[in-house]
Structures are given as C-alpha cells and as structure tokens.
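Q: 3D, please:
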Amino acid sequence: MSRELDERLTDAWLACTLGRGIGHEEHLRIAFVLLRRHDRPEALRLIEDGTRRNCVALGVPERYDAALTRRWAEALADAAAATDAADADELFRRRPELLRSDLLGAPAWRGR
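A: Okay, the predicted model is just below:
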C-alpha cells in the first residue's frame, strides 16, 4: 500500500467514516501514520481513542480491548523507533512478525 493510501485510511479512520471494520495490517498502518504525525504519547492516545470510537461507531463497543490495543501500540512504537522505517511497508519488511495478529495475545472478546 502506498504512503498516500495509508494517510487517507488514517484520516477516514480518525473521522470514523470508513463504515467498516479494519484488519490487523490496516490497524498497524494507521498506528504507524499516527506515530509519524505525532509524538509518542499523543499517537498512543489517538490509537487507543480511535480504536474505541470506531468500535462504538460500528456498533461493536464490546470489541474494544484497551489492554491489547495498548500492547500493540507500544510494540509498534518500539519497532518503528528501533528500525527508523520510512513507511509501514519498510517496517513490515524489517519486522514481519508484526503482521501476526496473535503475536501479543487474542482480544478479550474472543474468550466471551
């Protein structure tokens, strides 16, 4: 995916106007863009708040897992800083394990 598409995806997600759920890779791309746009604390806040708001907007508020979202946001921030990747595609080439959605555990709602 191009950097421009990642930017547009992020903007629509922040505005809760996608009208659909997103997959793991898209969520990572959005988080990467936010980490590039903002300092780490603000990016983490936006990732957590945006994830919660999008779950609510889609009518599935129970799918928001604050702890898992925080773990992923922190892990992605660490990986982005360590690799100094220019874009999400470069980050995934350097750290392909990030594409495994089960890497940091399953969402709490799956166990319900």
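Q: Look up how far Glu26 lies from Arg52.
A: In this structure, Arg52 and Glu26 are 17 Å apart, going by Cβ to Cβ, to the nearest Å. All C-beta atoms are positioned from the backbone trio N, CA, C, and that covers glycine.
Q: do Asp87 as well
A: 14 Å.
Q: Assign Gly21 to helix, strand or coil.
A: coil (DSSP: H, G, I helix; E, B strand; the rest coil).
Q: Over to it: give its phi and psi.
A: Comment: the main-chain dihedrals of Gly21 come out as phi -70, psi 170, following degrees, to the nearest 10.
Q: which one is it nearest to, not counting chain neighbours?
A: In this structure, Gly21 finds its nearest non-sequential neighbour in Leu58, 6.0 Å apart by Cβ to Cβ, 6 or more residues apart in numbering.
Q: my read: the one you found touches Thr17, true?
A: No - applying Cβ atoms under 8 Å as the test, Leu58 and Thr17 come out as separate, 11.5 Å apart.
Q: Tell me the gap between stretch 26-41 and the middle of its chain.
A: Computed by Cα atoms, centre = their mean, to the nearest Å, the chain-centroid distance of stretch 26-41 equals 7 Å.
Q: Could you do stretch 48-68 as well?
A: With Cα atoms, centre = their mean as the basis, the distance from the averaged C-alpha position of stretch 48-68 to the chain average is 12 Å.
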